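Colleague: For reference, the sequence and a predicted model appear below.
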Amino acid sequence: MSSSDPSDVNTLTFGSTLPSSSAYAIMSLSEVYLLLSSTSDSGNNSVLESCLNYSKRFNNLGNMSGISEMEKENRGRNIEDLKELLLQKTYKNKTTGEETRLHKYEASKFIDLMSLTSDPEEAVCLIPSLEGRFSNEDIGEILEFVKRCMRNFT
Amino acid sequence: MFYVKSLEHSIVLQPIHFGPKLYATIKRLVKESVEGVALPHYGYCVKVLGVDDENVKAGVIEYDTGDVCYTVQYEALLFRPMKNEVLDAVVTDIMSLGFYAAVGPLKVFVHMSKMPQDMNGEQGGGFDGNAWVSADEEVKIEEKCGVRLRILGCTADDGQFTAVGTMNDEFLGMIDTGDEANAY
């Protein structure tokens, strides 16, 4: 967190406890909300409650009030499918020409931060690690996948 | 950033807990020990997702007390803010020097020097006692507003994490007034 364990998402370094070889999954706010909202009892866990409220407010699942459990599950599956697509699809690295994929951090940020009106310029500004690796066309394609998923929720 | 990772925790059990409910007791104690706690270098442990019986290693007896130490592997949902990460936050406190915003359990302070220049008084706008207002009065940051900010740095003190952020960048700033959203 502090200088003793430096992290910087611009260079996709997450500190010594999360090296690139380590097995961990980065969750988008939508996934966090679906996970925490299925918890029956938060007990005295104020951290859980604050995370639930936070993910409820800022997730990209659309209006969740009054929807059925089946629709909720459906949206959850849509988000999972979208994330899998974003992580599997390969692109040509703009600088080196090699095959490259979105990092799991970048995929989760695309789901969290982008909206129906976002463009590649906004994506690069909010996720600077994309710069130099993906062309504007590729970022536009990734955004189109995200927007298509969001349109299903409206 | 929210992430799921496998961690290890040691639990010391007194002999009174030994019996058919041993594993249930171990799982309960692991949850009580780590949930809601700020773990150094890992961030806040939001929730323990699962402890399998096979991930409870064989206990080691402490000869002087008779207690047994179990090392347990568990999967947890964690929250750790990262430097330069862009996050949405809810404004909680407005002050003359800036404002505090909450990202879940994390408090982020945005100093007035890290606000857009048309809001911090340098090119108009400023603090009006209850809110930070832009020069054209179109943007008014007050409590319960949603803002998008970037984390500049983070420290851990006394089991709490606090961070410093900025809103003075493209595509950062107020995102909603909080009226239409469910406020904290």
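Modeller: Perfect, thanks for sending it. For clarity, every value in this text was computed on a predicted model and none was experimentally measured.
Colleague: any idea which element B:Ala24 lies in?
Modeller: In this structure, B:Ala24 is located in helix B:22-34 according to DSSP states H and E.
Colleague: again, but for A:Lys147
Modeller: Assigned by DSSP H and E, A:Lys147 belongs to helix A:136-152.
Colleague: swap in B:Ala101?
Modeller: strand B:98-103.
Colleague: Show me what that strand is in contact with.
Modeller: Here strand B:98-103 makes contact (Cβ atoms under 8 Å, 6 or more residues apart in numbering or on different chains) with A:50, A:54, B:81, B:87-93, B:107-112, B:114-115, B:132, B:141, B:147, B:149, B:163, B:165, B:184. Glycine gets a C-beta too; all of them are placed from N, C-alpha and C.
Colleague: How about the contacts made by residue 25?
Modeller: Picked chain A for this. Neighbouring residues of A:Ala25 by Cβ under 8 Å, 6+ apart: A:Lys104, B:Tyr3, B:Val4, B:Lys5.
Colleague: not what I meant, chain B
Modeller: Contacts were defined as Cβ under 8 Å, 6+ apart; by that measure B:Thr25 touches B:Leu13, B:His17.
Colleague: Outline the domain layout of chain B.
Modeller: Using automatic domain parsing, the domains assigned to chain B come out as B:2-79, B:86-176.
Colleague: from those, which stretch is densest packed?
Modeller: Greatest average neighbour count among the domains of chain B goes to domain B:86-176 (a mean of 18), per mean count of other Cβ atoms under 10 Å in any protein chain shown.
Colleague: Tell me the span between the first and last residue of that domain.
Modeller: 16 Å (Cα to Cα, to the nearest Å).
Colleague: picking that back up, just put the domains of chain B in JSON lines and tack on mean pLDDT.
Modeller: Shown next, in JSON lines, are the domains of chain B (pLDDT from 0 to 100):
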{"stretch": "domain B:2-79", "mean pLDDT": "91"}
{"stretch": "domain B:86-176", "mean pLDDT": "92"}
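Colleague: quick one: which of these is nearest A:Gly66?
Modeller: Checking the domains of chain B against A:Gly66 by Cβ to Cβ gives domain B:86-176 as the closest, at 20.4 Å.
Colleague: which one of the contacts of A:Ala25 is nearest A:Leu130?
Modeller: A:Lys104 (13.6 Å).
Colleague: For B:Gln14, see how far away the most centrally placed residue in chain A is.
Modeller: The centroid of chain A falls nearest to A:Ser108 when counting by Cα atoms, centre = their mean (1.3 Å). In this view, A:Ser108 and B:Gln14 are 42 Å apart by Cβ to Cβ, to the nearest Å.
Colleague: List the contacts of the strand or helix carrying A:Val47.
Modeller: Assessed by DSSP H and E, A:Val47 sits inside helix A:46-58. Contact with helix A:46-58 is made by A:29-30, A:32-33, A:36-37, A:39, A:42, A:64, A:112, B:2, B:35-37, B:44-47, B:79, B:88, B:90, B:102-105, B:146, B:181-184, as judged by Cβ under 8 Å, 6+ apart.
Colleague: Which of those fall in helices?
Modeller: Among the contacts of helix A:46-58, the members found in helices (DSSP state H) are A:Leu29, A:Ser30, A:Val32, A:Tyr33, A:Leu36, A:Ser37, A:Asp112.
Colleague: And the furthest pair within those residues?
Modeller: A:Ser37 and A:Asp112 (16.6 Å).
Colleague: of the two, who's got more company?
Modeller: Neighbours per residue (other Cβ atoms under 10 Å in any protein chain shown) separate A:Ser37 from A:Asp112, with A:Asp112 holding more: 24 against 13.
Colleague: all strands of chain B, in order?
Modeller: B:2-13, B:38-39, B:43-50, B:60-61, B:68-79, B:86-94, B:98-103, B:106-111, B:126-127, B:132-133, B:140-141, B:146-157, B:160-166, B:173-176 (DSSP state E).
Colleague: Out of the ones you listed, which gets nearest to A:Pro120?
Modeller: strand B:86-94 (15.7 Å).
Colleague: tell me the contacts of A:Leu126?
Modeller: A:Lys109, A:Leu113, B:Val86, B:Phe171.
Colleague: returning to that earlier point: which helix or strand lies directly C-terminal to the helix holding A:Val47?
Modeller: With DSSP H and E, the next secondary element past helix A:46-58 is helix A:69-88.
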